[in-house]
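> With the input below, show me the fold.
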Amino acid sequence: MCVVIPWRSQKSRIPAMKATVAFYQEALQGLNFSIILSDSVGSFNVAQARNSGVINAMQQGADVLIIGDADTIPEKNTLLASIDLAYSGVECVLPFTEYKSLSKAGTLVYLYFNKTLGKRFCKVIKGAIGSIYVIKPTLWLASGGQDSRFRGWGGEDVAFNHAYKILFKKDFARIDGAVIALQHRAKRFISEENKTMLEEYFRINNASEMQNFLKDI
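Sure thing, here's the model as predicted:
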């Protein structure tokens, strides 16, 4: 098993990344796993970083992947249940039904004072997709991986979800639980280029056309 974290070092993001890595080291204790911090080529591209991490993990012989952002932390029991389900090889699992985005104050409290208290300072985002996946590497590849034609980040998770639904005629599986996202300074918008790419995905409604479209990734 391998934890793949898309990552390019930025001073403001290091505390969240360290907290995320520490969570996995504790939650997966006793299991055979590794952690890969995966970067991209050129300007940071989260889709490319995820795909590169998957290839790296496969080269290490990983049979199941946890592909999670460097600021996103699930619940331990939910994560373990998601791993069990992912081993079936037929489900891409999101280990949450509730996405809690911590405020700046909540993040500071979580990181430096009290995790339980810090979680209270959050905004619940309904219908959140992505940020963390539990999946077999073969299924990730069969899904087309994530599209590195999306610049930077923004839209790639929604596109991946749409492609998955078209290819397999079902949505991602979910395990009940909450995930927290630690706040860091970042641009929180989808570029016009990424919006256009996302529109291209939504024009496709059959598996064969989607497969052909994904060949260009």
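
> And the helices in the chain?
According to DSSP state H, the chain carries its helices in the segments 14-27, 46-59, 76-86, 104-112, 115-118, 137-142, 156-168, 192-202, 207-214.

> Would you reformat those as TSV and include mean neighbour count?
Where you see a C-beta, it was placed from the backbone N, CA and C, and this is true even at glycine. Shown next, in TSV, are the helices of the chain (neighbours: other CB atoms under 10 Å):
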stretch	mean neighbour count
helix 14-27	17
helix 46-59	21
helix 76-86	19
helix 104-112	17
helix 115-118	13
helix 137-142	17
helix 156-168	20
helix 192-202	14
helix 207-214	14
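
> Make CSV from the ones you listed and add distance to Gly68 to it.
As requested, the helices of the chain are arranged in CSV below (distance: least, CB to CB, whole Å):
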stretch, distance to Gly68
helix 14-27, 7
helix 46-59, 10
helix 76-86, 9
helix 104-112, 17
helix 115-118, 17
helix 137-142, 13
helix 156-168, 12
helix 192-202, 21
helix 207-214, 23
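
> mind checking which of the ones you listed is nearest Phe96?
Phe96 lies closest to helix 76-86 among the helices of the chain, at 6.6 Å (CB to CB).

> What are the contacting residues of that closest one?
Counting contacts by CB atoms under 8 Å, 6 or more residues apart in numbering, the residues outside helix 76-86 that touch it are 1, 23, 26-27, 64, 66, 74, 91-96, 134-136, 173, 175-178.

> average pLDDT across it?
Per-residue pLDDT values across helix 76-86 average out to 98.

> One more: stretch 201-215?
Stretch 201-215 shows a mean pLDDT of 94.

> end to end, how far does it reach?
Its first and final residues considered, stretch 201-215 spans 13 Å by CA to CA, to the nearest Å.

> Ok, stretch 202-217 next?
With CA to CA as the measure, stretch 202-217 spans 16 Å from end to end.

> Name the surrounding residues that touch it.
Among residues not part of stretch 202-217, those counted as contacts by CB under 8 Å, 6+ apart are 144-145, 147-149, 162-163, 166-167, 169, 200-201.

> Quick one: distance of it to the chain centre.
Between the mean C-alpha point of stretch 202-217 and the mean C-alpha point of its chain there is a distance of 22 Å (CA atoms, centre = their mean, to the nearest Å).

> just stretch 26-33 next, same as before
Here the centre of stretch 26-33 is set off from its chain's centre by 19 Å, with CA atoms, centre = their mean.
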